[in-house]
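> Fold the following and give me the result.
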Amino acid sequence: MRHNKKFNHLGRTASHRNAMLSNMACSLIKHKRITTTVAKAKALKKFVEPLITRSKDDTTNSRRVVFSNLQDKFAVTELFKEISVKVADRPGGYTRIIKTGHRLGDNAEMCFIELVDYDENMAKTAAKKATRTRRSKKSAAATEAPAEATAETTTEEAPKAE
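Here you go, the predicted model:
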């Protein structure tokens with residue numbers, strides 16, 4: 001029986017899976033958004049969120065623990081310098097998975113996983129919706145009529161002045 005065996009092995013050996021998740025976590029930290037399959041994104045979410053929580057406390061021990069998982073100096077410094085500052089007040093849920101459809105070759109369900117605080121596109125769409133105004137045909141016709149009237153009066157006055 002499979003009681004309490006929820007871990008997705010992703011069809012890989014333990015060493016291959018750990019290396020893959022480490023590389024994907026480094027890419028997510030560096031680029032703030034990566035495209036992958038849904039199963040890998042869910043596994044990555046469980047892998048990277050404890051590391052981001054650990055990075056909130058900038059001590060030597062927490063840096064060593066994060067480096068033992070990531071094996072990338074640049075990613076560790078990026079995580080502790082920039083990302084931990086942005087997520088300092090967030091109590092969890094640092095990543096977001098958005099499904100994008102199916103892959104053309106093998107019909108695998110694809111998505112992108114991103115860091116929540118670094119998504120500029122979501123912030124821009126929310127701002128655009130707030131400034132949207134409603135337009136009607138009556139107001140457009142009313143604004144065009146005075147413009148035509150002023151154009152006609154200026155052309156009529158010009159020949160009289162000669």
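> For the protein, which segments count as strands?
33-37, 95-102, 109-115 (DSSP state E).
> nearest to K46, of those strands?
strand 95-102 (9.9 Å; CB to CB). Where C-beta positions appear, they are placed from N, C-alpha and C, glycine not excepted.
> and of the strands of the chain, who's closest to K45?
Nearest to K45, of the strands of the chain and by CB to CB, is strand 95-102 at 5.2 Å.
> Tell me the helices and strands packed up against the closest one.
helix 38-55, strand 109-115 (3 or more CB pairs under 8 Å, 6 or more residues apart in numbering; DSSP states H and E).
> and the ones you listed as CSV, adding distance to I98?
Output for these, formatted as CSV (distance: least, CB to CB, whole Å):
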stretch, distance to I98
helix 38-55, 9
strand 109-115, 6
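> how far away is S68 from N18?
As judged by CB to CB, to the nearest Å, S68 and N18 stand 11 Å apart.
> do C26 as well
13 Å.
> Name the residue in the two with the higher neighbour count.
C26 (20 against 14; other CB atoms under 10 Å).
> per-residue pLDDT, that one?
pLDDT recorded at C26 is 97.
> in this structure, which ranges drop under the pLDDT threshold?
Scanning the chain with the threshold set as pLDDT under 70 gives 122-132, 139-162.
> Okay, helices next: where are they in it?
Counting by DSSP state H, the chain has helices at residues 14-31, 38-55, 60-70, 73-78, 84-86, 120-130, 137-161.
> Can you mark which positions in the fifth one are buried?
Going back to what we said before, that points to helix 84-86. Buried residues in helix 84-86, counted by 16 or more other CB atoms under 10 Å: S84.
> packing partners for it?
Contact here means 3+ CB pairs under 8 Å, 6+ apart; on that basis helix 84-86 packs against no helix or strand.
> In this model V76 seems to touch K30, though I could be wrong.
No - here K30 lies out of contact with V76, judged by CB atoms under 8 Å, at a distance of 11.1 Å.
> Between those two, which is the more surrounded one?
Taking other CB under 10 Å, K30 and V76 do not tie; V76 has more neighbours (20 against 13).
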